[in-house]
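Trainee: based on what follows, work out the 3D shape:
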Amino acid sequence: MGTLNSYHRTKTIWHHGTPCTNTHQIGALLLIVATLFITRLFDHLPSALENSNQCSIFNQDRSSRKLSRFKGGYLSWPERGFGSHLSLKIYVYDENEIEGLKPLMYGKEGNVDVDICYLGQWGTQVKIHRLLLNSRFRTRKKEEADFFFVPAYVKCVHMLEGLTEEEINQTYVEVLSQMPYFRRSGGRDHLFVFPSGNGAHFFTSWKTFLNRSIFLTPEGDRTDNKNSSSFNTWKDIIIPGNVDDEMTKNGAALVEPLPLSNRKYLANYLGHAQGLKGRLQLIELAKQYPDKLEAPNLKHDPPDKLFKMEYFEHLRNAKFCLIPRGLSSWTLRFYESFFVECVPVIISDQIELPFQNVIDYTRITIKWPATRIGPQLLEYLESIPDEVTKGMIARGRQVKCLWTYAPESEPCSAMHGILWELQRKVRVFHQSAEKFWLHNGTIVNRNLVEFHNWKPPMPLP
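Mentor: Have a look, this model is predicted:
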């Protein structure tokens, strides 16, 4: 009856209003036309005000070219790609809060040196954790968090023999069983960093327990020897690999780029063959064209090993850096090439690249079929005019800040990109098979126990 009465009251309001005349109708039409005109005007105003040398590698909405200034920085993000306002709350689990987190960070004996874990291409597992601890988007109140970050350095811990793969699996299960908020959302709002080509496979039961969680990983494909990829383009985020700090720091880098005219080679490949077809093909191609392609058969030990400074000095000595697939689809060399201003030539068909919703990679890289490694590749690269190459290098120079894991005080960094990607995944509500709710919004489990009374260990799916 209440609904019917409301309906009749609404109708009565309209009938008792001032009669609608032709004059009213014409006035209404004029108001609509004026509103549309003003809206269009303001839609185009931001583009008109943008600096003429706007960074064009950031993919813009091609229909309206609407841009929003990146708050606190010099880059302009497209509204369609990232938006205009960053507002996140991320809870970071403390290592003493959950039993089992410490072994995942320092090994079962607690003797893994985290400073070692911080270095190398997998250092993102430590860097992202440390940056979030000091982030202005960190919250210490779980009830207001958009996301929950679970710190773990399992790649490093496993390499340094702090935990076996079986122990990693058991410890992860133990950790998850103590997290009521993980249970509440089914893990959909929990973040895990998996920094290597193995992806989430170090946690062998990830398909059972983490299949809804968000992975931060540089690896988009691991189908070669794991028979499945842990990366899901709809929920996970591709992150840049960890380039050595001495190359990314402000000021003088360890090795500076050479002028294009001073570079000895057309192209190079500087990596370990690892018995992989594409890499072996490049090494053989270099033997046929030694004046054009540098691709030594590098080893992990001297004399066929390049140490850090030697490596970057060689890397900068070509116009194009060839990036073939390794044991997995991604390789750190892709990111390193930007810091010596060498145009990356991707020869990895399944590769996934970071921040694709705002970066047009056709403007700064080349992707070549892995099935067509041979003289034709060198002929093609040789046909590219130097002016075109310089243009690609200049655009790459603008984007390389997004490969740097720097504090939020920096106007552009990998963390800024990751935070924007996370914001696109914020949900007001998280559905879960083990989450139920009542008429007053109270969250309960299937035994009708209210959420604040959920006690670990909790059953996992």
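
Trainee: quick one, helices of the stretch 151-300 of the chain?
Mentor: Counting by DSSP state H, counting those that start in this stretch, residue ranges of the helices within the stretch 151-300 of the chain are 154-159, 165-176, 180-185, 206-209, 245-248, 277-288.

Trainee: with mean neighbour count added, can I get those helices in CSV?
Mentor: C-betas here are computed from N, CA, C, even on glycine. As requested, the helices of the stretch 151-300 of the chain are exported to CSV (neighbours: other C-beta atoms under 10 Å):
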stretch, mean neighbour count
helix 154-159, 23
helix 165-176, 18
helix 180-185, 20
helix 206-209, 16
helix 245-248, 18
helix 277-288, 17
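
Trainee: got those as CSV, with distance to residue 368 and mean pLDDT columns?
Mentor: Putting these into CSV (distance: least, C-beta to C-beta, whole Å; pLDDT from 0 to 100) gives the following:
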stretch, distance to residue 368, mean pLDDT
helix 154-159, 29, 88
helix 165-176, 35, 93
helix 180-185, 42, 93
helix 206-209, 32, 88
helix 245-248, 25, 92
helix 277-288, 10, 96
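
Trainee: please tell me how far residue 109 sits from residue 175.
Mentor: 18 Å (C-beta to C-beta, to the nearest Å).

Trainee: any idea which of the helices of the stretch 151-300 of the chain gets closest to residue 451?
Mentor: Nearest of the helices of the stretch 151-300 of the chain to residue 451, taken as C-beta to C-beta: helix 180-185 at 6.2 Å.

Trainee: any stretches of the stretch 201-350 of the chain with poor pLDDT?
Mentor: Along the stretch 201-350 of the chain, the parts satisfying pLDDT under 70 run over 222-228, 251.

Trainee: packing partners of the helix or strand hosting residue 126?
Mentor: According to DSSP states H and E, residue 126 maps onto helix 124-133. Secondary-structure packing of helix 124-133 (3 or more C-beta pairs under 8 Å, 6 or more residues apart in numbering; DSSP states H and E): strand 90-92, helix 114-118, helix 154-159, strand 190-193, helix 414-423.

Trainee: what strands flank the shortest one, and is each parallel or antiparallel?
Mentor: Pointing back at strand 90-92 there. Partner strands and pairing direction for strand 90-92 (DSSP bridges) are strand 138-139 (parallel), strand 147-149 (parallel).

Trainee: longest strand anywhere in the protein?
Mentor: strand 318-324 (DSSP state E).

Trainee: then stretch 355-371 to CSV, C-alphas only?
Mentor: Output in CSV follows, covering the C-alpha atoms of stretch 355-371 (Å, rounded to 0.1, in the frame of the first residue of the first chain):
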residue,chain,number,x,y,z
PHE,A,355,50.6,-0.3,-18.1
GLN,A,356,49.2,-1.1,-21.5
ASN,A,357,46.1,1.0,-21.0
VAL,A,358,48.2,4.2,-21.1
ILE,A,359,51.3,3.3,-23.1
ASP,A,360,51.3,2.8,-26.8
TYR,A,361,54.2,0.4,-27.3
THR,A,362,54.3,0.7,-31.1
ARG,A,363,55.8,4.2,-30.5
ILE,A,364,58.8,3.0,-28.5
THR,A,365,59.5,-0.6,-29.3
ILE,A,366,59.4,-3.2,-32.2
LYS,A,367,57.9,-6.7,-31.9
TRP,A,368,59.2,-9.3,-34.3
PRO,A,369,57.9,-12.8,-34.8
ALA,A,370,60.0,-15.4,-33.0
THR,A,371,59.7,-17.7,-36.0
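
Trainee: buried residues in that stretch, which are they?
Mentor: Residues of stretch 355-371 classed as buried by neighbour count (16 or more other C-beta atoms under 10 Å): 355, 358-359, 361, 363-368, 370.

Trainee: before we move on, what about stretch 120-140?
Mentor: 120-129, 131-132, 135, 137-139.

Trainee: wait, which of those residues is closest to residue 422?
Mentor: Among the buried residues of stretch 120-140, and counting by C-beta to C-beta, the member closest to residue 422 is residue 137, at 8.9 Å.
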